[in-house]
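Asker: sequence and predicted structure below; questions after.
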Amino acid sequence: MDKNMSLRKLTTLGLYTALSLAVYAIESAIPPLIPLPGIKLGLANIVTLILLQHYTARDAFLVLTARLLLSALLFGQALSLLYSLAGGLLSFAVMYPANRLLQKKLPFLTGALGGLFHNLGQLGTAWAITATAGIFAYLPYLAVSGILAGLFTGLCAHFAGRYMISRLK
């Protein structure tokens, strides 16, 4: 833990981590809207986008990493951790500079890029594990679903962020 992080900030980030984990758990319990593996809304990313908009990139990264590790520990398997980390970290690596470039004004575009790259990271991991080039036939479906889900989560982050920040900051 950073010695300079205040107790209030640590508590706030803990609340965001718990919120993103709860959203992840709820979404995991809902049957998929589209019966294709790997396609889901990624609602927990709303919290990451809110943090990128209103907190530091370091804060967003800490909460994202904690959620990925805790969700794999509580709900997943070792292999699911690889997919989640690959998707989540690649997504973050793209969302952070995109958010800065867009001056934190268009979270739905940041979310769309994050959704796309999350799915690309997971597809790359699947290819690395299976060494099957045929897996890339799935790319168009994952690209479209990642962009659409990211647009949705970005819009949710835009509206929810306004409400939440005034209460938690």
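Answerer: Perfect, thanks for sending it. What you see is a predicted model; the values in this text were computed from it and never measured.

Asker: so which elements touch the helix or strand of the chain with the lowest mean pLDDT?
Answerer: Ranked by mean pLDDT, DSSP states H and E, the weakest helix or strand in the chain is helix 139-168, scoring a mean of 86. Where contact means 3 or more Cβ pairs under 8 Å, 6 or more residues apart in numbering; DSSP states H and E, helix 139-168 is packed against helix 7-29, helix 45-54, helix 107-130. Bear in mind the C-beta positions are built from the backbone N, C-alpha and C, glycine included.

Asker: phi, psi for residue 106 please.
Answerer: phi -130, psi 70 (degrees, to the nearest 10).

Asker: in TSV, list the helices and strands packed on helix 139-168 along with distance to residue 86, mean neighbour count and mean pLDDT.
Answerer: As requested, the helices and strands packed on helix 139-168 are exported to TSV (distance: least, Cβ to Cβ, whole Å; neighbours: other Cβ atoms under 10 Å; pLDDT from 0 to 100):
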stretch	distance to residue 86	mean neighbour count	mean pLDDT
helix 7-29	16	15	92
helix 45-54	15	25	94
helix 107-130	4	22	93
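
Asker: Throw those helices into a markdown table and include distance to residue 138, thanks.
Answerer: Below are the helices and strands packed on helix 139-168 laid out as a markdown table (distance: least, Cβ to Cβ, whole Å):
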| stretch | distance to residue 138 |
| --- | --- |
| helix 7-29 | 21 |
| helix 45-54 | 20 |
| helix 107-130 | 7 |
